[in-house]
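[1] Generate coordinates for the sequence data below:
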Amino acid sequence: MNPLKKLAGQTAIYGLPTILGRLLNYLLVPLYTRVFVPTEYGIVTELYAYVAFLFVILTYGMETAFFRFASQAEFRKKVFGTSLLSLMITSIIFLIIVYGTAPFLSIKLGYTGHPEYVKWFALILAMDAISTIPYANLRLENKPIRFAFVKVSNIVINIGFNLFFILLCPYIIGQFPESTVSGLLSHIYNPETGVGYIFISNLIASLVTFVMLFPEVRIKGLSIDRNLLKQMLRYSWPLLIFGLAGIVNETFDRVILKHLLPDKAGAMAQLGIYGACYKVSILMTLFVQTYRYAAEPFFFDQAGKSDARKTYATMMHYFILVCLFIFLGIMLYIDLVMVFVGKDFREGVGIVPILLLANLFLGVFYNLSVWFKLTDRTKTGAAISLAGAAITLILNFILIPVMGYMGAAWATLICYASMMVISYLAGQKHYPVSYNLKSALKYSLLTAAIYTISVVPLTEMPWQKYVINSAMLVLFSAYVFHTERQRLRLIANKGY
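    Numbers count the residues shown, from 1 in each chain. Purely as a prediction, here's the structure:
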């Protein structure tokens, strides 16, 4: 089968539930930014940044190690049992430690009086970490319907309880205070909980998902193979460093922002604005994450084929093209896109183009990472990510006190651009791939020109601005189609 068609199919099968889920979750942002003030939403932004960091630690590269070692069917059960039980043991230890220190941790995080936040997130993290291996096994065994059903169920439950606690309960109790239903709801709903209901909804969804995956976890007969575990950990520990460095690049700005801003009184509000506008780059983020989700097992699957490097180059070419279209689609209509967040949050619009480009560079880096994963040079990959993390740390400490959240956005962009360049140069030395740099540069310059024209105030009438921007987008699309049609026809017919 045509490998690019296969990748597209895998992206659709396994990526759509993920992209749908993340999209629906992001669609809660308009609700949050209209119900909660920036200071309250800042709590959500900060805590989920910590969650992302801890999730990488709790999974310690086991998902990728599972794909790497379970590719041979005869060893799959042994690999499954070893990786699953390993994650179970470490997650239980994590729960015990966190529950024993929850009051202390809540004070240190600045949420005195809310140790339940810490406990809720510990449970969410433990269940989600253990669930990664059953999810990975569903992908490996090609069970897309089951995979999609569990994924979508998680999202529907999460959104349902968000709407129930944040909209329905206060509405019914406020409008019909004397009704029987209000009396019943008053036993489970407390307005003082506020943003805590976002976390409770997540906890319920994770618990239900965890239970739904039980049939995939046949504990009987499973055991830890110590020699295999050593091999898997030897492979995965650089990926843990890689993941930690990556998550520092992704979330450190939201963890440190309130501590570095000169105005401490308004710091949580600024964090809330930054977190909300960060979500405006949703389409680029979703595409990069979904592509990565489908591409990682695909990289390994293609590795042994004679034309693998050509496949990787073609993947990169069209990945960049799609990202450029997403950038233009958002930035040419940014005034409409910003309706996504509440009015109190829209002052952060300036970070959107910066973060869109940052995510594009991150996606290119994910494509380039094929070289160190296939050559088992994961230590080099970890070193590149550590370099990126160092850049992130240094630039955040330098720029945030001077530029506020704009400094955090620029730090993210510079970090991902640096990682991309370093990975490309190292990859060409150890696993050379003939990427079409000339084409990527040409399309990027055209995109930059169109964006520059769009920000020039050619007219004061919004509708005229949208007409001009739409015309430029159509012309760009026509040019791309005309330039690429022969290659696309060749891919459709022969593969290349």
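[2] Show me the protein divided up by domain.
    1-13+281-496, 36-224 (automatic domain parsing).
[3] Poorly predicted segments of this protein, please.
    1-15, 18, 72-74, 218-221, 492-496 (pLDDT under 70).
[4] tell me the centre residue of it?
    Gln289 (5.4 Å; Cα atoms, centre = their mean).
[5] which helices and strands sit right next to the helix or strand containing that one?
    The secondary structure element spanning Gln289 is helix 282-302 (assigned by DSSP states H and E). Packed against helix 282-302 by the contact rule (3 or more Cβ pairs under 8 Å, 6 or more residues apart in numbering; DSSP states H and E) you find helix 3-10, helix 16-26, helix 62-69, helix 308-331, helix 351-368, helix 370-374. For glycine as for every other residue, the C-beta is placed from the backbone atoms N, C-alpha and C.
[6] Would you convert those helices into a markdown table that also reports distance to Ser236 and mean neighbour count?
    As requested, the helices and strands packed on helix 282-302 are exported to a markdown table (distance: least, Cβ to Cβ, whole Å; neighbours: other Cβ atoms under 10 Å):
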| stretch | distance to Ser236 | mean neighbour count |
| --- | --- | --- |
| helix 3-10 | 23 | 17 |
| helix 16-26 | 22 | 18 |
| helix 62-69 | 4 | 23 |
| helix 308-331 | 23 | 20 |
| helix 351-368 | 18 | 23 |
| helix 370-374 | 12 | 22 |
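[7] among those helices, which is nearest Tyr50?
    For Tyr50, the closest of the helices and strands packed on helix 282-302 is helix 16-26, at 17.5 Å, according to Cβ to Cβ.
[8] how about the CA coordinates for the closest one, as PDB?
    C-alpha atoms of helix 16-26 as PDB (Å, rounded to 0.1, in the frame of the first residue of the first chain):
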ATOM      1  CA  LEU A  16      -9.400  12.000  14.500                       C
ATOM      2  CA  PRO A  17     -10.600  10.900  18.000                       C
ATOM      3  CA  THR A  18      -7.600  12.700  19.400                       C
ATOM      4  CA  ILE A  19      -8.100  15.900  17.400                       C
ATOM      5  CA  LEU A  20     -11.900  15.700  18.000                       C
ATOM      6  CA  GLY A  21     -11.300  15.300  21.700                       C
ATOM      7  CA  ARG A  22      -8.800  18.100  22.000                       C
ATOM      8  CA  LEU A  23     -11.000  20.300  19.800                       C
ATOM      9  CA  LEU A  24     -14.000  19.800  22.000                       C
ATOM     10  CA  ASN A  25     -11.900  20.400  25.100                       C
ATOM     11  CA  TYR A  26     -10.600  23.600  23.600                       C
END
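[9] ok and it relative to helix 282-302, angle-wise?
    Helix 16-26 runs at 160 degrees relative to helix 282-302, counting by axes from the mean of the first three to the mean of the last three Cα atoms, to 10 degrees.
[10] following helix 16-26, which helix or strand shows up next?
    Helix 16-26 is succeeded, C-terminally, by helix 29-35 (DSSP H and E).
[11] With just CA atoms, put the first helix or strand past that next one going along the chain into PDB.
    Moving toward the C-terminus from helix 29-35, the first helix or strand encountered (DSSP H and E) is helix 38-59. Output in PDB follows, covering the C-alpha atoms of helix 38-59 (Å, rounded to 0.1, in the frame of the first residue of the first chain):
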ATOM      1  CA  PRO A  38      -8.700  35.900  34.300                       C
ATOM      2  CA  THR A  39      -7.400  35.300  37.800                       C
ATOM      3  CA  GLU A  40      -9.500  32.200  38.200                       C
ATOM      4  CA  TYR A  41      -8.600  30.900  34.800                       C
ATOM      5  CA  GLY A  42      -4.900  31.500  35.700                       C
ATOM      6  CA  ILE A  43      -5.300  28.700  38.300                       C
ATOM      7  CA  VAL A  44      -6.500  26.300  35.600                       C
ATOM      8  CA  THR A  45      -3.600  27.300  33.300                       C
ATOM      9  CA  GLU A  46      -1.000  26.800  36.000                       C
ATOM     10  CA  LEU A  47      -2.200  23.500  37.300                       C
ATOM     11  CA  TYR A  48      -2.500  21.900  33.900                       C
ATOM     12  CA  ALA A  49       1.000  23.000  33.200                       C
ATOM     13  CA  TYR A  50       2.200  21.000  36.200                       C
ATOM     14  CA  VAL A  51       0.100  18.100  35.100                       C
ATOM     15  CA  ALA A  52       1.700  18.000  31.600                       C
ATOM     16  CA  PHE A  53       5.200  18.000  33.300                       C
ATOM     17  CA  LEU A  54       4.300  15.200  35.800                       C
ATOM     18  CA  PHE A  55       2.700  13.100  33.100                       C
ATOM     19  CA  VAL A  56       6.000  12.800  31.200                       C
ATOM     20  CA  ILE A  57       7.700  11.700  34.400                       C
ATOM     21  CA  LEU A  58       5.000   9.100  35.200                       C
ATOM     22  CA  THR A  59       5.100   7.500  31.800                       C
END
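[12] where do the helices sit along the stretch 101-250 of the chain?
    115-140, 144-163, 169-175, 180-185, 196-212, 226-260 (DSSP state H, counting those that start in this stretch).
[13] Let me know which of these is the nearest to Arg68.
    Once the helices of the stretch 101-250 of the chain are compared by Cβ to Cβ, helix 226-260 is nearest, at 6.0 Å.
[14] Quick check: buried residues in that closest one?
    228-229, 231-233, 235-258, 260 (16 or more other Cβ atoms under 10 Å).
[15] Can you name the next helix or strand after that helix?
    Helix 226-260 is succeeded, C-terminally, by helix 267-278 (DSSP H and E).
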